[in-house]
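**Student:** I would like the atomic coordinates for the input below:
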Amino acid sequence: MSFDDAISNATKGATEGFLNWSSNVIKDFVSKLRDKKLAFIQDEKTIKLVKEQYNSGELAIYKAYIEDKEMLFLIKMGLTLRRLEKDKEEERKRNLRTKIFNKYEVRGLHIAQFIENGILNRYVGILIDNLTSIEKFKKDILEILNNIEKHVLFVKTEDDNRNIIKQILAVISSHQPMIFIVSGISSAAQTIKNCEKRLKELLTDYELEKMSDGQKENLFFKRVIKP
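**Tutor:** Residues are numbered from 1 along each chain as shown. Okay, the predicted model is just below:
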């Protein structure tokens, strides 16, 4: 090998080494930025599960219609809550719910629950049944997520039948949503079942679709378009 070749190879090796080092530094920097956003979770195993949601097929579908990064992040939180439930990690699920509430308040937690309970999937299905344009489809998805309290009542364990019915009638009277959802888990799911008959009697402008899954109960009241 000539002296010139040796210099050329050394220069090439140094350049490649620098580029590889730079690439690794950039990747590490990007990774740390992403981890920083997840730092509030304070649990390594849960953070790992959140990262797994970045490649979720379900998330990929929502990315096609939702551009708001903060909203997509809350969707990841919801997918993680669902995964923790599937893995029977009840303590970690409770801890993550608490962390989400502390950082994003009630609205943020409710958006995450909306995903966790599979409600958004069915809501999207209902929208597709009546699809008129992609732009309206995107707008309707963001509408329910940005104004979730106008479209969904998340029943709590301590709620009683009378209070639930009163809240639902008040929200529907004020906002007249095309779709209104009542959602609850565990003992709250049973409370919803107890209210179902009375709600059907009262909400005469709506038709009911139920989505039950184990200890979850979701009632979809869909406004009937009269001729």
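
**Student:** Domain parsing of the protein, as residue ranges.
**Tutor:** 3-116, 151-223 (automatic domain parsing).

**Student:** From the ones you listed, pick the one with the highest average neighbour count.
**Tutor:** Most buried of these, by mean neighbour count (mean count of other CB atoms under 10 Å): domain 151-223, with a mean of 16. In short, each C-beta sits where N, CA and C put it, glycine included.

**Student:** Just the endpoints, please. Distance across that one?
**Tutor:** One end of domain 151-223 to the other measures 12 Å (CA to CA, to the nearest Å).

**Student:** Also stretch 57-74?
**Tutor:** Stretch 57-74: ends 16 Å apart by CA to CA.

**Student:** Now it: average pLDDT?
**Tutor:** Stretch 57-74 shows a mean pLDDT of 91.

**Student:** Need the residues that contact it.
**Tutor:** With contact meaning CB atoms under 8 Å, 6 or more residues apart in numbering, stretch 57-74 is reached by 37, 53, 75-76, 79, 100, 104, 108, 111-112, 115, 120-121, 134, 137-138, 141-142, 145-146.

**Student:** So what's the gap between it and the chain middle?
**Tutor:** Centroid displacement of stretch 57-74 relative to its chain, using CA atoms, centre = their mean, to the nearest Å, is 9 Å.

**Student:** likewise stretch 199-214?
**Tutor:** Chain-centre distance of stretch 199-214: 23 Å, with CA atoms, centre = their mean.
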